[in-house]
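Undergrad: Just need the structure, nothing else, for what follows:
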Amino acid sequence: MDEIKQKMLTQDLRGTAFPIFIVVRDEKVYGIDSNYSEDSERQDRDFVDTSWLCDSCRELEYEDEEIPDECDDCDSECFVNYKIEKDVFQSRAGFFFTAEACNEHIENNRHHYGEGARSYAISAYHNSELKQVMEYLVGSENVEKLK
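TA: Okay, here's the model as predicted:
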């Protein structure tokens, strides 16, 4: 427990009072309205009606060849729009008292999160139960160092 205390007291608070650290990543969110027009990608081949394909892509599909990701001649129904949602919380790990522990968890579990996962500081300031735990960990004499 002394090691956690020391790390909590010496780590970068990232401008946040009573920081706890969570895992976040950017994720694609698919949709059809104008909010989802940042980019598009070809739909999964299993869901595409081949009549939407241009002649060239239809031939590739027939021959079970790779269809290009982009094609101006295919019908727009072959593609699905998406937007990138930033800093989506990954609940698998919950939270950490130190950025170091959070970063170690990410590296040891990269297969669950992908390359874009990172630690992100949020504040436990308005959570009285969690603040009490953090105050206990660092000692009442050190509480000001968490602000």
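Undergrad: and the gap between Leu13 and Ala99?
TA: Look at Leu13 and Ala99: by C-beta to C-beta, to the nearest Å, they are 10 Å apart. The C-beta positions use only the backbone N, C-alpha and C, and glycine is treated the same way.
Undergrad: same question but for Ala93, I mixed them up
TA: Applying C-beta to C-beta, the value for Ala93 to Ala99 is 13 Å.
Undergrad: same question, Ala17
TA: To Ala99, Ala17 is 15 Å away according to C-beta to C-beta.
Undergrad: okay, those two: which has more neighbours?
TA: Taking Ala17 and Ala99 together and counting by other C-beta atoms under 10 Å, Ala99 has the greater number of neighbours (21 against 12).
Undergrad: ok, back up a step: mutual contacts of Leu13 and Ala99, please.
TA: Common neighbours of Leu13 and Ala99, counting by C-beta atoms under 8 Å, 6 or more residues apart in numbering, are 19, 121.
Undergrad: tally of neighbours for the closest residue to Cys57 other than its chain neighbours?
TA: Spatial nearest neighbour of Cys57, chain neighbours left out: Ile67 (5.1 Å); criterion: C-beta to C-beta, 6 or more residues apart in numbering. With neighbours defined by other C-beta under 10 Å, the count for Ile67 comes to 18.
Undergrad: Ok, the one 10 residues further on next?
TA: Using other C-beta under 10 Å, Glu77 has 12 other residues around it.
Undergrad: Please report how far the residue of the chain positioned farthest from its centre lies from Tyr62.
TA: Note on the chain: the largest C-alpha distance from the chain mean falls to Asp55, namely 38.1 Å (C-alpha atoms, centre = their mean). Separation of Asp55 from Tyr62 (C-beta to C-beta) stands at 10 Å.
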